[in-house]
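**Q** Curious how this folds, go ahead:
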Amino acid sequence: MSNPFFSLFPLVGLLFYLAIPIFVVYVALTIIKLMKQKNEYLMEIRDELRKNSFKG
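**A** Now for the predicted structure:
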């Protein structure tokens, strides 16, 4: 008459143990993607300013 909750309890711990590194990798990749988008936008602004400064 064992409780099924106690038999699944170690699996819950394992899932939390695996979820933390997966979440960290997800956050890191998301931050890198956002930084790339920001850099592309800044390069577009830079190019537009250079183009406008040469026109006089």
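**Q** any idea how far V25 lies from D47?
**A** Separation of V25 from D47 (C-beta to C-beta, to the nearest Å): 33 Å. Any C-beta I mention is one placed from the backbone N, CA and C, and that applies to glycine too.
**Q** Then I32?
**A** From I32 to D47 the distance is 23 Å (C-beta to C-beta).
**Q** any idea of the pLDDT on the most centrally placed residue in the chain?
**A** Among the residues of the chain, the smallest C-alpha distance to the mean C-alpha position (C-alpha atoms, centre = their mean) belongs to T30, namely 2.2 Å. T30 is assigned 98 on the pLDDT scale.
**Q** Could you say which helix or strand holds it?
**A** helix 4-55 (DSSP states H and E).
**Q** Packing partners of that helix?
**A** Secondary-structure packing of helix 4-55 (3 or more C-beta pairs under 8 Å, 6 or more residues apart in numbering; DSSP states H and E): no helix or strand packs against it.
**Q** just how off-centre is that helix within its chain?
**A** Mean-position distance between helix 4-55 and its chain equals 2 Å (C-alpha atoms, centre = their mean, to the nearest Å).
**Q** Roughly how far does the residue nearest to the centre of the chain sit from V24?
**A** Separation of T30 from V24 (C-beta to C-beta): 11 Å.
**Q** cool, and F9?
**A** From F9 to V24 the distance is 24 Å (C-beta to C-beta).
**Q** So, low pLDDT: which residues of the chain?
**A** Low-confidence segments of the chain (pLDDT under 70): 1-2, 56.
**Q** Can you give me the neighbour number for Y17?
**A** 9 (other C-beta atoms under 10 Å).
**Q** now K36
**A** Neighbour tally, K36, other C-beta under 10 Å: 10.
**Q** what does the one 3 residues further on give?
**A** Under the neighbour criterion other C-beta under 10 Å, N39 is assigned a count of 10.
**Q** And A28, by the same measure?
**A** A28 - counted by other C-beta under 10 Å - has 10 other residues nearby.
**Q** Quick check: the gap between it and A19.
**A** 15 Å.
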